[in-house]
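Undergrad: Below are the sequence and a predicted model for it; my questions follow.
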Amino acid sequence: MQKHLAIFSPNVINAIISGKKTIDSRFSKNRIAPFLQVEAGDIVYVKAPGEEINAQFRVKKVLYFEAFDYTDFDQIVANYWHKIGWGDEKDETRFKKEKKEGSSYATLIWMVEIEQFIVPPVKIRKSDNRAWVVLND
């Protein structure tokens, strides 16, 4: 079991904690974390930029897409749109352009056992722009 740190906007964190968002989606042009670096059973700490860790979840399942294209994106929209919490279908076209454009890799992460913290269980110093960090024990 590996541990990770994932950065989300405060609105997305609220959607995770409330159960509206049950799948996280990560798109990238390059082969970077969490692509092929997260698996079922892993723990992911959740925080907003510049804030302390305020939640965690366990990874239930992961799907990876390499050589990601619009057909793959259409499949994700058809099957997982509301679980990812992207908003109304009217946002789909805008989202496709913003998220897919230039992406070659995609990772879908199912979240379970979501816990919110009053006091962070760990302190993690992070000062770079990465949105996902694989933590070493």
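TA: The structure has been received and is ready for your questions. These numbers were taken from a predicted model, which means no experiment stands behind them.

Undergrad: Let me see the ranges of the helices in this protein.
TA: Under the criterion DSSP state H, the chain contains helices at 10-18, 70-84, 92-95.

Undergrad: for those helices, which one sits closest to K47?
TA: helix 10-18 (7.9 Å; Cβ to Cβ). For glycine as for every other residue, the C-beta is placed from the backbone atoms N, C-alpha and C.

Undergrad: quick one: buried residues of that closest one?
TA: 12-13, 15-17 (16 or more other Cβ atoms under 10 Å).

Undergrad: Leaving out sequence neighbours, find the closest residue to A67.
TA: S104 (6.5 Å; Cβ to Cβ, 6 or more residues apart in numbering).

Undergrad: quick one: which of the helices of the chain is nearest P49?
TA: helix 10-18 (9.0 Å).

Undergrad: report the angle between the axes of the closest one and helix 70-84?
TA: 60 degrees (axes from the mean of the first three to the mean of the last three Cα atoms, to 10 degrees).

Undergrad: How many residues are close by I7?
TA: Around I7 there are 19 other residues, counting by other Cβ atoms under 10 Å.

Undergrad: Now for D42: which residues touch it?
TA: Neighbour list for D42: 1-4, 58-59 [criterion: Cβ atoms under 8 Å, 6 or more residues apart in numbering].

Undergrad: Identify the bridge partners of V134.
TA: H4 (DSSP bridges).

Undergrad: Quick one: closest of the helices of the chain to E51.
TA: Across these, closest to E51 is helix 10-18 (Cβ to Cβ), at 8.0 Å.

Undergrad: And for that closest one, what's in contact with it?
TA: So helix 10-18 is in contact with 8, 21, 24, 46-48, 54-55, 57, 85, 111, 114, 116, going by Cβ under 8 Å, 6+ apart.

Undergrad: Alright, calling it a day.
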